[in-house]
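Undergrad: Got a predicted structure plus its sequence, pasted below:
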Amino acid sequence: MAVCSTDCLWLIDSLTRARTRPSRFLSLPLEIHMECAAQMAGQENITMFLACAYFPDVASQYFRELGRPERKRHLPGIDPDKSVLLWAYLLLSMADFRHVISLLPPRAFEPPTSSYSGAILPLLPPLGDNESMGWAEVDRRLIGWVSVCGKTSYNGTGAICLAAAQGNIEALRVLLKHWQWTVKCAAAPLRWACLYGQERTVRLLLSDMAKHLETEQLTQMLLDKCENDNESAFTPVQCLVYLMHEPAFTATGARILTRIWGKVRKFSYPMEEIEQAKKGAIVALCYIAATPSNWNGTGLKEVDAICYTLQPLPRDPHFFQLKMLETLARSRGKQRIRLMRIARTWLSVNRASKEALDMARRFGQQEVVALVQEFQREPVEE
C-alpha cells in the first residue's frame, strides 16, 4: 500500500502543532504507542515517526518497528532508514528536516552498495500518480524521463538525489555532511544535478568531492560508471548529453560539461580515459537521437552543440561504427535526420571501413551507402 502525501501532510501538521502543548494522543503511555506501531504498515510507521519527531520517546516506538526482522520480511528490498530520510525531505520544513536528521542512524545517509540496493518506499503525490517513482510534487519533467532516470543510480540515495535535482542548496549542505564520496555509487547526486542542469549544485558537489577524494578518484567518478552499475547506467557526462538535447538546457549543459572537461584536464587525467568517456557520450547521443524525447523539431542545432562540446572527437575507426550505421538504417523521419548528422560528424574524423560499406549495401538504402562512400578510407571499386 502506498500513502498519499496529502494524508501525511495533514497528520504531520496536526501533530507538530502540538509541540508546546502535547495532544492527548502524544501523552498516551509508550506501551500503547508500541502496540499501535505493531499494527501499522511500514508507510504508516514512517508517517507517525515524522509526526512525533519532536517527542523522541514516542517517535522511537514507530521507528523501532520499521527495523524489526519480521517487518523487513514484509518490505523485501526496502530500506526503511533511507525511506524515512526521503519522506522527511519531501514533507517537512527545513527546520523540521534538520531535526529528523539528528534522530536518524548513520546508515540512513550511506550511499548504496549497488545501483539496485536500498529501494525507497513509495510516497504518492496528491493525485495518486502510480508512475511517480516515489517522488511527490516535484518537477514533472522527471515523470517524462523515466527511461533516462532508470539509467541513473537512485535507490538508496533518494533525499540527496532529489535535493540535487531540485537545486536545493540548503538541504544539500546538510546532507553532504553525512555523505561518503569514497563509497561506490556515491556519484548519484552528481548525475541527478547534471540531468537537471543544476549548475550551482554541480559546483557545490565538485567542491565537496575535491575535499574528500584523491585526484584520480574524483576524475574517475566524473567520467565513469561505478563498477556496480548496470550496463545501461548513465555517467555524469552522458546525463549532460541528455540534458543538452532539450533546447532550454543546451547552453546550461554545455557550460557544465565544459567545467567538467576543464577539471579533468587540470588533473592531467590519461587521454585514453577522456576519450573513453567521449565515446560513451556519442553512444548516449545516438540512443537519444533515435527517440522522440524532447527534441525541438529536427534537433540539429542541439546535436551540433553536443558534438562541439565533445571536441576533439576520439580517433577510433573501429568503435561503434557498424552499430551506428545499423541504428541509422533502421531510423525514419526526424530520427534519421539527427542520426545522419551524428554519423557525418563521427565519420569526418573516423573514416568508414570496407566492412561499414558492405553493411550499408546490405541494408539496401542508398542514402546510407552514399554517406559511407563519402567518408570511405580508400576508394572501393564497384
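TA: All right, it came through fine.
Undergrad: Tell me how many other residues surround Ala284.
TA: Neighbours of Ala284 under the rule other Cβ atoms under 10 Å: 22. For the C-beta atoms, the positions are set from N, CA and C on the backbone; glycine is no exception.
Undergrad: Hmm, I typed the wrong one, I wanted Lys177.
TA: If you count neighbours by other Cβ under 10 Å, Lys177 ends up with 10.
Undergrad: can you check Phe267 too?
TA: Counted with other Cβ under 10 Å, residues neighbouring Phe267 total 14.
Undergrad: any idea how far Leu257 is from it?
TA: Distance, Phe267 to Leu257, by Cβ to Cβ, to the nearest Å: 16 Å.
Undergrad: Kindly report the same for Tyr196.
TA: Tyr196 is 14 Å from Leu257, where distance means Cβ to Cβ.
Undergrad: same question, Gln365
TA: Note on Gln365: its distance to Leu257, by Cβ to Cβ, is 33 Å.
Undergrad: before we move on, what about Gln376?
TA: Here Gln376 is placed at a distance of 32 Å from Leu257 (Cβ to Cβ).
Undergrad: These two: who's more crowded?
TA: The neighbour count for Gln376 versus Leu257, taken as other Cβ under 10 Å, is higher for Leu257 (23 against 15).
Undergrad: What residues sit buried inside the helix or strand encompassing that one?
TA: Element membership for Leu257, per DSSP states H and E: helix 250-266. For helix 250-266, a neighbour-count test (16 or more other Cβ atoms under 10 Å) marks Thr250, Thr252, Gly253, Ala254, Ile256, Leu257, Ile260, Trp261, Lys263, Val264 as buried.
Undergrad: Next: stretch 281-293.
TA: Buried-residue list, stretch 281-293, by 16+ other Cβ under 10 Å: Ala281, Ile282, Val283, Ala284, Leu285, Cys286, Tyr287, Ile288, Ala289, Ala290, Ser293.
Undergrad: Provide the count of other residues in contact range of the nearest residue to Pro247 once chain neighbours are set aside.
TA: Leaving aside its sequence neighbours, Pro247 sits nearest to Asn296 (Cβ to Cβ, 6 or more residues apart in numbering; 4.4 Å). Neighbour count for Asn296, taken as other Cβ under 10 Å: 13.
Undergrad: pretty sure Asn296 contacts Phe249?
TA: No: Asn296 is not in contact with Phe249 according to Cβ atoms under 8 Å; the separation is 11.2 Å.
Undergrad: what sits against the closest residue to Arg203 other than its chain neighbours?
TA: The shortest distance from Arg203 to any non-neighbouring residue, by Cβ to Cβ, 6+ apart, is to Arg259 (7.6 Å). Applying Cβ atoms under 8 Å, 6 or more residues apart in numbering, one finds that Arg259 lies in contact with Val202, Arg203, Leu206.
Undergrad: Neighbour count and pLDDT added to these, as a markdown table?
TA: Below are these laid out as a markdown table (neighbours: other Cβ atoms under 10 Å; pLDDT from 0 to 100):
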| residue | neighbour count | pLDDT |
| --- | --- | --- |
| Val202 | 25 | 96 |
| Arg203 | 14 | 95 |
| Leu206 | 17 | 94 |
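Undergrad: ok, these vs Arg351, which is closest?
TA: Lowest distance from Arg351 to these (Cβ to Cβ) belongs to Val202, with 36.1 Å.
Undergrad: Mind splitting this structure into its structural domains?
TA: The chain breaks down by the TED database into domains covering 28-67+78-109, 270-381.
Undergrad: so where do the strands sit in the chain?
TA: 3-4, 123-124 (DSSP state E).
Undergrad: pLDDT averaged over the first one, what's the number?
TA: Yep, that's strand 3-4 we're talking about. In this model, strand 3-4 has an average pLDDT of 46.
Undergrad: ok, now how distant is the closest residue to Val368 other than its chain neighbours from Ala277?
TA: Once flanking residues are discounted, Val368 sits nearest to Ala360: 4.6 Å by Cβ to Cβ, 6+ apart. Distance of Ala360 to Ala277, given as Cβ to Cβ: 28 Å.
Undergrad: Now do the buried residues in stretch 319-336.
TA: Phe319, Phe320, Gln321, Leu322, Met324, Leu325, Thr327, Leu328, Ala329, Ser331, Gln335, Arg336.
Undergrad: So which of these sit within helices?
TA: Counting by DSSP state H, the buried residues of stretch 319-336 place Gln321, Leu322, Met324, Leu325, Thr327, Leu328, Ala329, Gln335, Arg336 in helices.
Undergrad: isn't the second one right up against Glu355?
TA: Yes: the pair formed by Leu322 and Glu355 meets the contact definition of Cβ under 8 Å, at 6.6 Å.
Undergrad: for the stretch 51-200 of the chain, what spans make up the helices?
TA: Along the stretch 51-200 of the chain, counting by DSSP state H, counting those that start in this stretch, helices occupy 56-66, 69-73, 80-91, 94-103, 141-144, 146-149, 158-166, 169-176, 188-195, 199-212.
Undergrad: Now do the contacts for the residue nearest to Gln198 when sequence neighbours are not counted.
TA: Nearest non-adjacent residue to Gln198, counting by Cβ to Cβ, 6+ apart: Gly167, 4.0 Å away. Neighbouring residues of Gly167 by Cβ under 8 Å, 6+ apart: Ala193, Tyr196, Gln198, Arg200, Thr201.
Undergrad: phi, psi of the third one?
TA: The reference is to Gln198. Here is the backbone geometry of Gln198 (degrees, to the nearest 10): phi -90, psi 90.
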